[in-house]
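Peer 1: sharing a sequence plus its predicted fold:
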Amino acid sequence: MPSKPRASRRKPETQPQQPPAAGGGWRRKHWAAAAAAALALVAGAWYWPADVTATAAVPARAQAGSAFLQTPPIPNSPQQSQAAREVRLQELTSQLEMADQTLCSYREGTKYPNSSRPIAEHPDQVYPNHPVEESHAMRKQGGGQDATVQVQTSQSRVYMAAGESAAFSIKAVDNEGKPLPVFITRAVARGLTFQATREAPQVALSFTDDGSNGDVKANDGTFSSVLAPAQTEFAQFNGTIRTEVRYNVGDRSGIVVFDVIYSPENPATWTGQIREAIEDGSLSFYLKADVRMPGRYIVNGRVDDANGKPFALVNFNDLLPQGRSEIRLTVFGKLLRDQAPAMPLRLRDVDAYLLKENVDPDRALMPRLEGTAHVSKTYALKNFSEAEWQSEERSRYLAEFGKDLDIARKALVEFNPEQAKQPFPQSECSRKVAAAGKGG
Amino acid sequence: MTKLVRVLTYLLFVSLTAVSSIASATNYTLWINGRTGGGVVGDYTSFTYWGPSSTAAGVNKKAVNWDGYNSIASENGKIRDALDCFCTGSNWCYIATHSAGDLMLGYTLANYGGSTRMKKNATPNSSGQCGNSDGTTQVGWNIKWVRVASGAAGGSELADAGSWAMTEPLAKDLKTATARAMYNHNETRNVWFYMYAGAKGTLYSGILPGQDDEAVSYHTTGGVSGSSGASFCNPADWFCNDLTLGTAANEGGRAKWGYHSVSFRDDNESYNHYSNGNWQGIISVVRAAMVNYAK
C-alpha cells in the first residue's frame, strides 16, 4: 500500500482552523522541488496569497471543512439562546440565497433553449473528433504502479460507427518528460461479454513506431495501432471491444487498456442535402436523412463564425420515424444577436446516434460528418429575434422557483421582522445581474 | 346494508386518495445509489444502500434503487420510472446521488431530460412504476437541484486499472474515457449539480491522481471537464493544482462541467467514499445538506 508523505507538501494554513483529520494522507513525488521550496522559504523568498480558497460562485454555502454540519447549541442560557438564534438566522439566510440563486441562474441560463447554446458552455464538446489523451503512472502487469514511468495514451474514438476504425497509441516518459524506450510484448482486442452470454471474438493487434498503421511519426517513441472492427472477426460484434496492450519499459512490465464501443448497425444515413431557413427569428439547418431504425436520435453539431471561431453547439433530441426525415439544428436568434458572430456561419462536426432504451450497448451511430457540413448564407443580425426562449417547461420552472423564493423570504421575515425593512440578501447570480444593469 | 356502507366508504377513500395525489403539490427527496447497490429495486422505502431509513435525509425521502452492477444504460429505466413517479405534474424533486449514481443521473438528464413524460400520480406499484395522473404530458422532469456525494460521472482510474471485477458490466462504464464520452456532461437541463468531494483516501493513491476518497479522484468528484488523469488537490498541497470551490475554473485553468459547482472540498481529508450502511463518509455531508435545504 503506497503511503503519502504528509507535512512536506502542505501550503501554509490560510483557512480557519478545522478539527484534525481523522486520517488520510499526503501525496506524491517531487521531493527535490519540495526541498527547493523549503530553501526558498528559509531565504525569505516565500510568497503565498492570503486568499487561496476560491469564493463559491453559488450561494449554496460552498465550503471546505465541516462547519455546517455542526449541531446548533441547545438554548438553556441567554447566551446560548442568542447563539441558537444566530444559527437559525444563518440557516434561513442561506436557504434564501439558495432559492434566489436557483431562480436567477435558471432564468439567465434559459434565455436560449437547450438545443442552441453558446459553445463556451460546452468546452469538451468543441472538437469531438480529437483523440482522447490520458496519462498515468505505469500500471504493472501483476498489479501496482511504478510512478517513475509515466504512460501517455491516446485513442481516436470511444464510440464507433459501423465501418469506422480507432487508432490507439502509447508512449512512456520519465518524470522529467524524457521518452523511455517501450517494447510492446502483446496486444489483443477482445469483445467483452458478461456471464458468457455470447462468443467473444479476439484479434491480435500490431503496435509499431514506423510511421504507419496509425502511427503519426516514425521512431518518436510512440507506438500505435489501428483497430478496424469491420475488417476483422468483430464485423458483426455489437458492444465493448477491449484492447489490452502489454509492454516493457526496461525490466518493468506494464499494461494499458483501451475500450471502444462498436456497433455494426447503421440506423440512418445522411443524404448529403442540407438546407437553411430563418424561422421564428432563428436560423435553422435542415439535414436530410434516411432513417432505417425509428427511435430517439441525438444529433450534435458545432457552429463556427466566419473566422473559424467556435460559436454555438446545436442539438437535436427527438423521435424520428422510419423513412426520409429532416433533422433540424437551430441557431437561436437571441444567441446570434447577443454574440454577433461574423457571417457566414459554418456547421461542422455533426455526430448522431440512435439511442436505445434500457439496453447495452445503448446506441447505434450514424456516419459522422467530419469537418464542414454546410456554410450558411450571410445574414444581417437584424433578421434574427432578440426574444428570450419561451416554453411551458421554462414557465413551469420559473413559477416554482419564484414560489420557493417567496417562501424563503417569508420565513426569514417571520423569524426576523426587521428584515422587512431592509433589502433581502441576494445570491451571487442576482448581484451579477444587478451589476450588469439587467434588473433583478 | 353494512356491506354497502363499507363499499361506499372504500370508494370515497380511494377517490379522495386519487384526488389528493393528483392535486397536491409535494416535494420529494430522491436518493440514487452507486456501485454495488443493495436496496430493493422498485421499493422506494428501501434505504439499505445508505443507512437506517429512520434517518432524516430531506423531505419525503425516496430510495431510487438500481442494482449497481449492470450497465448505466440497461438500468436507466429504473431512474426514469422514479423521476416520472415523483417529479412530474405538480410534484418537484430534490435529488442526492452517490458515486455511479451521478453518472446514472447525468446520463438520464442529458439523453432524456427534454423528452415528453406522462404525468404520474406518485403512487408506485411493486416494480416502482406509477400510474398516470390526469393523462397529460410535460417536457422533462421537475427537479430543483442535485447534490452529489463523490460523483463518478467522469469515471475512476480504478476501472481503468482493472481494480474492479472485469465481469461486472458497470465497471466498463466507469472507465474514465468511456464515462466521459458517454453523454454531454454539460447538459443537465439547467439543473445544478452541487458536488461534494471527499479526500480521505490512501489505499489507491498510486492509481488515483490527486486527492481521492479511496474510489474516485477530485477530477471527477469535482466535476472537472476534459480528459481524466489530471491531479487536483486541496489548497494546502504545494505541487498539485487546487480543486476550486464553486463554478470557477480550477487552478491551472481546467473548467468544470456546465451547471456543476463544488459545494464541499474535504480540506481535512476526513471523508471517504463509503456509507458503511450508516450514512457515513462523504454521504454524511450531503445528507446534512439535504436535511438543511431539501424542504
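Peer 2: Received, thanks.
Peer 1: now the strands for the stretch 201-350 of chain A?
Peer 2: Remark: strands of the stretch 201-350 of chain A, listed N- to C-terminal, are A:202-204, A:223-227, A:239-249, A:252-262, A:268-279, A:282-291, A:295-304, A:310-320, A:323-331, A:346-355; assignment by DSSP state E, counting those that start in this stretch.
Peer 1: dump the ones you listed to JSON lines, plus mean neighbour count and mean pLDDT.
Peer 2: The C-beta positions use only the backbone N, C-alpha and C, and glycine is treated the same way. Written out in JSON lines, the entries for those read as follows (neighbours: other Cβ atoms under 10 Å in any protein chain shown; pLDDT from 0 to 100):
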{"stretch": "strand A:202-204", "mean neighbour count": "14", "mean pLDDT": "94"}
{"stretch": "strand A:223-227", "mean neighbour count": "23", "mean pLDDT": "98"}
{"stretch": "strand A:239-249", "mean neighbour count": "20", "mean pLDDT": "96"}
{"stretch": "strand A:252-262", "mean neighbour count": "22", "mean pLDDT": "96"}
{"stretch": "strand A:268-279", "mean neighbour count": "15", "mean pLDDT": "98"}
{"stretch": "strand A:282-291", "mean neighbour count": "20", "mean pLDDT": "98"}
{"stretch": "strand A:295-304", "mean neighbour count": "21", "mean pLDDT": "98"}
{"stretch": "strand A:310-320", "mean neighbour count": "21", "mean pLDDT": "98"}
{"stretch": "strand A:323-331", "mean neighbour count": "19", "mean pLDDT": "98"}
{"stretch": "strand A:346-355", "mean neighbour count": "22", "mean pLDDT": "98"}
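Peer 1: quick check: residue A:138 is in a helix.
Peer 2: No: assessed with DSSP: H, G, I helix; E, B strand; the rest coil, residue A:138 is strand; it does not lie in a helix.
Peer 1: before we move on, back to that, can you tell which of the strands of the stretch 201-350 of chain A is closest to residue B:292?
Peer 2: Nearest to residue B:292 among these is strand A:310-320; the distance by Cβ to Cβ comes to 34.4 Å.
Peer 1: partner strands of that closest one, parallel or antiparallel?
Peer 2: strand A:116-118 (antiparallel), strand A:295-304 (antiparallel) (DSSP bridges).
Peer 1: need the strands of the stretch 201-350 of chain A in JSON lines with distance to residue B:151, can you?
Peer 2: Formatted as JSON lines, the strands of the stretch 201-350 of chain A follow (distance: least, Cβ to Cβ, whole Å):
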{"stretch": "strand A:202-204", "distance to residue B:151": "35"}
{"stretch": "strand A:223-227", "distance to residue B:151": "31"}
{"stretch": "strand A:239-249", "distance to residue B:151": "22"}
{"stretch": "strand A:252-262", "distance to residue B:151": "21"}
{"stretch": "strand A:268-279", "distance to residue B:151": "33"}
{"stretch": "strand A:282-291", "distance to residue B:151": "34"}
{"stretch": "strand A:295-304", "distance to residue B:151": "22"}
{"stretch": "strand A:310-320", "distance to residue B:151": "23"}
{"stretch": "strand A:323-331", "distance to residue B:151": "30"}
{"stretch": "strand A:346-355", "distance to residue B:151": "22"}
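Peer 1: would you mind measuring from the closest residue to chain A within chain B to residue B:213?
Peer 2: For chain B, the residue positioned closest to chain A under Cβ to the nearest Cβ is residue B:269, at a distance of 2.7 Å. With distances taken as Cβ to Cβ, to the nearest Å, residue B:269 is found 9 Å from residue B:213.
Peer 1: repeat for residue A:283
Peer 2: Going from residue A:283 to residue B:213 by Cβ to Cβ gives 46 Å.
Peer 1: spit out the residues that contact residue B:269 and residue B:213 alike.
Peer 2: Residues within reach of residue B:269 and of residue B:213 at once, by Cβ atoms under 8 Å, 6 or more residues apart in numbering or on different chains, are B:199-200.
Peer 1: show me where chain B dips below the pLDDT cut-off.
Peer 2: Across chain B, the stretches falling below the confidence threshold (pLDDT under 70) are B:1-23, B:165-166.
Peer 1: all helices for it, in order.
Peer 2: Per DSSP state H, chain B carries helices over the ranges B:2-23, B:72-86, B:100-112, B:157-160, B:169-173, B:176-181, B:218-221, B:282-293.
Peer 1: what does chain A give?
Peer 2: Assigned by DSSP H, chain A shows helices spanning A:31-42, A:78-109, A:333-339, A:392-415, A:428-435.
Peer 1: how far away is residue A:137 from residue B:219?
Peer 2: From residue A:137 over to residue B:219 (counting by Cβ to Cβ), the distance is 15 Å.
Peer 1: more neighbours: which of those two?
Peer 2: A count of neighbours by other Cβ atoms under 10 Å in any protein chain shown puts residue B:219 above the other of residue A:137 and residue B:219, at 31 against 23.
Peer 1: residue contacts, the more buried one?
Peer 2: Residue B:219 is in contact with B:154, B:209-210, B:228-232, counting by Cβ under 8 Å, 6+ apart.
Peer 1: center of the chain, which residue is that?
Peer 2: Looking at chain A here, since you left the chain open. A centroid search over chain A (Cα atoms, centre = their mean) returns residue A:124, at 5.5 Å, as the residue closest to the centre.
Peer 1: I was after chain B.
Peer 2: Closest residue to the average C-alpha location of chain B: residue B:97 at 2.2 Å, with Cα atoms, centre = their mean.
Peer 1: pretty sure that residue sits against residue B:151.
Peer 2: Yes: in terms of Cβ atoms under 8 Å, residue B:97 counts as a neighbour of residue B:151; the distance is 6.6 Å.
Peer 1: run through the residues that contact residue 225.
Peer 2: No chain in the question, so chain A it is. With Cβ under 8 Å, 6+ apart as the criterion, the residues that contact residue A:225 are A:167-169, A:187, A:205-208, A:213-214, A:243.
Peer 1: ah, no, chain B please
Peer 2: A:123-124, B:185-186, B:254-257.
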